[in-house]
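heads up, no residue letters with this:
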Ligand SMILES: Nc1ncnc2c1ncn2[C@@H]1O[C@H](C(=O)NS(=O)(=O)C[C@H]2[C@@H](O)[C@H](n3ccc(=O)[nH]c3=O)O[C@@H]2CO)[C@@H](O)[C@H]1O
């Protein structure tokens, strides 16, 4: 399915909340953003940065994506405040139970369109 910038924002942008280490942050946000319907999305990263900051990454270092051989990925020049949500092994659908981990890391995203906009979260490094 064609990825969209709306899907990217829904799945990955959370500029309004500060880096969140409340243990329930991921359980709440994964549900609120529609990533626990039908199945529990295994891994998802939320970005506590402005859209301007994240969009600007599309004009930063271009590189080959980590999760594919495509070359429309870009690595952020600086680190960003992120929260990784990772499904617990003990989690049983429909009760999607996540660990919540905060960090400051560079991210790699894929950008498409003209002007280039983020459409896929590739990895954090
Ligand atoms: N180069 C491209 N250019 C354009 N489009 C491209 C390109 N590549 C894929 N798409 C498309 O993007 C869509 C998509 O959802 N890709 S996804 O790999 O499943 C996303 C991963 C990510 O959401 C999440 N994750 C993962 C790690 C982490 O640290 N943090 C974290 O959040 O897990 C997901 C699975 O890994 C799909 O439509 C695919 O076709």
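Cool, got the structure. Please read these numbers as outputs of a predicted model, since none were measured by experiment. Numbering: from 1, shown residues only.

Please name the nearest non-neighbouring residue to residue 83.
Distances taken as Cβ to Cβ, 6 or more residues apart in numbering put residue 46 closest to residue 83, at 4.6 Å, once the chain neighbours are dropped. Where you see a C-beta, it was placed from the backbone N, CA and C, and this is true even at glycine.

Residue 77 versus the one you found, what's the distance?
Distance check for residue 46 against residue 77: by Cβ to Cβ, to the nearest Å, it reads 20 Å.

which of those two has more neighbours?
residue 46 (26 against 11; other Cβ atoms under 10 Å).

rewinding a little: quick one: classify the residue nearest to residue 83 as helix, strand or coil.
Classification of residue 46 using DSSP: H, G, I helix; E, B strand; the rest coil returns strand.

Residue 118 too?
Classified using three-state DSSP, residue 118 is strand.

can you pull the contacts of the residue nearest to residue 83?
12, 13, 14, 20, 29, 82, 83, 85 (Cβ atoms under 8 Å, 6 or more residues apart in numbering).

tell me, which of those make contact with the ligand?
Taking Cβ under 6 Å from any ligand atom, there is no overlap between these and the neighbourhood of the ligand.

quick one: which of those is nearest the ligand?
residue 12 (6.3 Å; Cβ to the nearest ligand atom).

how many neighbours does the closest one have?
19.

my guess is it meets residue 41, correct?
No - checked against Cβ atoms under 8 Å, the pair residue 12 and residue 41 is beyond contact range at 11.4 Å.

Tell me which stretches of this structure form strands.
43-47, 62-63, 73-75, 80-87, 98-105, 107-112, 117-124 (DSSP state E).

what's the offset of the first one from the middle of its chain?
In terms of Cα atoms, centre = their mean, to the nearest Å, the centre of strand 43-47 is found 4 Å from the chain centre.

Is any residue of that strand near the ligand?
Yes - under the criterion of Cβ under 6 Å from any ligand atom, the ligand is reached by strand 43-47 at 43, 44, 45.
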